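Q: for reference, the sequence and a predicted model appear below.
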Amino acid sequence: MTPHLLSISACCFGVAFLLYLLSALLYWVNPFAKAMEFRPPAALLARLGFASHTLAIVLRSLAQHEPPFINLLQGASFLAWVIVGLFLVMDWRLRLSGLGPFALPTGFAAIFLAAVLPGRSQSLVPALKSNSLYIHIGLSMLGLGCLALAFCAAVAYLAQERRLKRKRLPATLDRALSLDQADSVATVLVALGFACLTFGLILGGMAARSFWTGLWLVDPKVLISVVVWLIYGAYLYARGVVGWRGRETMVLIIWGFVIMVVGLVGVNLAGVSRHSPYSL
Amino acid sequence: MPLVLIGVNHRTTPVEVRERLALTPHHTVECVRSLHALDEVSECAILSTCNRTEVLAVRGEGCPEDPSGLLAALLDDPLDLSPYSYCHTDEDAVLHLFRVAAGLDSMILGEGQILGQVRSAMRQSDEAGGLGTVLTKLLQWSLAAGKRARAETRIGTGAVSVSSAAVELAKEIFGHLTGRTALILGAGETGELTLKLLSDAGVSSVVVTNRTYDRALRLSESLGGEAVRFDQLRDAMVRADIVIGSTGAPFPVVHADSVREVMRRRRQKPLFLIDIAVPRDIEPDVGLLDNVFLYNIDDLQAVVQQNLGDRHEEARKVEAILEEEAAGFLQWWQTLSLGPVLAGLQHRFEEIRVAELEKTMPRLSHLSEADREALELLTRGIVKRILKAPIAHLKSQAGEPSGAAYLEATRELFGLNGHCSRPRLAEESEDVLGDPREERDQ
């Protein structure tokens, strides 16, 4: 039964991979299209891909009796699932199709990583299998997904700002997010991501105290997480409390995300963290 | 077919002539009534807007070949309209009406008001009793065609005036404009128009400032806003989301330094500056500041030009849609005329059968009642068999382009022209058209 489930899961994963790719391409064809609107079909492909992806993740979890984000492969796949899922929900409730050209490529990048990264069947060592650790990883992934989408909104903001500054009009079909929309979407997502990250870090700290000995706070991955947490905290303070707006705040979000991704990937490649090299 | 459309529009006719043909709604009703009273007009509608006056009519018996009198009848004093007016008949008239309804014939390509104007023309003409089956259907069809063109193409999208372009751009920055604040400097005409459009789009508070405070006060009363002294311009700009420069000042009144300070005080919240004054009110350098979006009159004009270009491209798609719709209408019309022809055909054959039978019966007095009955049935059967194939063929051709030719040929061959218009036959036609499946089942 299990190998059977796993092979179906792999199939669904492949389908999702293809559909995300096609959807991302369609979102980018749209600005150049004159005759027809490509966003609705792109959104449809994304929805189908998301359904297939959900099935893949559920089947894999059932087969392995584990949450779907334990190793690097699953983590990246789960991240893609969070990014696309969040985008679809927001597009559905708030009509944010202008975020699609940024969200889908990001989601695809994550699922692409999942497809090419090593770490196929790595699992946690039995000693680490605990609920608090699962929640730590899950929350961190969820936070990462929110922040990735906030990054997309910030990029959308800068693209729209650039276009307005250059007085280059959008083709009428290509309705972009307004600056105000992009700004609020980014803020809400950063707030969500920040909350997830905070709880994730606290749980991680608690887990570290019980599993690790020595100075766990100087673990590179922990340090990067703390730096990123501070950057996003600063953004939320500036935006929420002081009321600071505009392109600089968006640049801050982008830097936060870039530092996080580069840092995590770098630490993983260098293998200097006590976190498993096979997990994010 | 007897449809005729005759009219003048902004392309063919100078305003001095157009204004003499322009009708108020009340006047339109009267004119439709008096035209409809004429024998040569069986149905009639008038569309009168500031850019066009068109008479649409279904000709009745004895209508002259030249229908220009229909339009001239609207004039109070006689005038030769022939250099100005155009006249379309049948298919061309249908297509022309559809193009008008879709905004292809409008002064501003693709504008949407015309749909409402066609709708009121339809209402007025109906009130006057001018509409029958054909024109009611035609006008409804034109509204549907116009709506379809707007829904399926971008003929009606994109701002085509400086003020509406400013509103579109504001939406690119702020999304919806509900609850935003607009500040207007001075009182240029375009400025006021832009402000009005912004209010329509949701901008809720309006602040007015002017060199002379009295004038600002007066303006704020007429615009429904709040007046601010000119030396408090910076404070006002801190509160505003959209600033419209519209003064007659010979030099810029908003400088980069002051905007930089304003932006600091508003914590870099994006600010949209619309400079529609000539000479300009806002220093061009202001546009270089972060989070400030400055558009002057030329920038807005460029937007308008681009949108108009887009509409011209879309117009081709609209033409294709309208041709399709016109074909649909003509098909409907043909099925409408099929009924009377079939009824006439059957009536003609029945006449012949009865006449011949009556002529022969006296010579067959030796036949029994049952034989006479059989003879009656036999002749009925023959007529039915003879007509079966041609009727089936006419029905099958009803929707085809050649359908009209078949109908015409049938009328000619069997001399039906007198029969078709008889009202009694129109009722029969219902049975003849009947359910097409019955025909096949027999």
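A: Great, that's in hand.
Q: name the next helix or strand downstream of the helix or strand harbouring B:T360, please.
A: In this assignment (DSSP states H and E), B:T360 forms part of helix B:297-360. Using DSSP H and E, the helix or strand that follows helix B:297-360 in sequence is helix B:369-397.
Q: list phi and psi for the residue positioned nearest the centre of chain B.
A: With the centre of chain B defined as its mean C-alpha position, the nearest residue by Cα atoms, centre = their mean is B:A101, 1.7 Å away. Main-chain torsions, B:A101, degrees, to the nearest 10: phi -60, psi -30.
Q: I'd guessed A:L189 sits against A:A154; true?
A: No. Applying Cβ atoms under 8 Å, one finds A:L189 not in contact with A:A154, separated by 9.4 Å. For the C-beta atoms, the positions are set from N, CA and C on the backbone; glycine is no exception.
Q: what about the two, which has more around it?
A: Set A:L189 next to A:A154 and count neighbours by other Cβ atoms under 10 Å in any protein chain shown: A:A154 wins out with 28 against 23.
Q: A:R239 versus the more buried one, what's the distance?
A: Separation of A:A154 from A:R239 (Cβ to Cβ, to the nearest Å): 12 Å.
Q: residues near residue 87, how many?
A: In the absence of a named chain, this looks at chain A. For A:F87, the neighbour count with other Cβ under 10 Å is 27.
Q: looking at chain B here, not the other one
A: B:C87 has 18 neighbouring residues, counting by other Cβ under 10 Å.
Q: backbone dihedrals for the spatially most distant residue from the centre of chain B, both of them.
A: Largest separation from the mean C-alpha position in chain B: B:H366, at 70.3 Å (Cα atoms, centre = their mean). Main-chain dihedrals, B:H366, degrees, to the nearest 10: phi -70, psi -10.
Q: which residues in the chain form strands?
A: No chain in the question, so chain A it is. In chain A, no strands are defined using DSSP state E.
Q: correction: the question concerned chain B.
A: Here chain B has its strands, by DSSP E, at B:3-9, B:41-48, B:52-59, B:86-89, B:181-186, B:205-210, B:226-229, B:242-246, B:271-275, B:292-296.
Q: what pLDDT, on average, does the helix holding B:T360 get?
A: Mean per-residue pLDDT for helix B:297-360: 89.
Q: and what of stretch B:15-23?
A: Computed over stretch B:15-23, the mean pLDDT rounds to 88.
Q: same thing with stretch B:34-53?
A: Mean predicted confidence for stretch B:34-53 is 89.
Q: for it, what is the distance to the chain centroid?
A: 16 Å (Cα atoms, centre = their mean, to the nearest Å).
Q: looking at chain A, which residue is nearest chain B?
A: Residue nearest to chain B within chain A: A:G246 (3.4 Å; Cβ to the nearest Cβ).
Q: isn't that residue right next to B:P270, touching?
A: Yes. Counting by Cβ under 8 Å, A:G246 touches B:P270, with 6.3 Å between them.
Q: find residues that contact each of the two.
A: By the contact definition Cβ atoms under 8 Å, 6 or more residues apart in numbering or on different chains, A:G246 and B:P270 are jointly contacted by B:N291.
Q: so for chain A, which of the strands of chain B sits nearest?
A: Evaluated over the strands of chain B, closeness to chain A peaks at strand B:292-296, with 5.1 Å, by Cβ to the nearest Cβ.
Q: that closest one pairs with which strands, and in what direction?
A: Next to strand B:292-296 in the sheet, as set by DSSP bridges, lie strand B:271-275 (parallel).
Q: pull out the buried positions in the partner strand.
A: B:L271, B:F272, B:L273, B:I274, B:D275 (16 or more other Cβ atoms under 10 Å in any protein chain shown).
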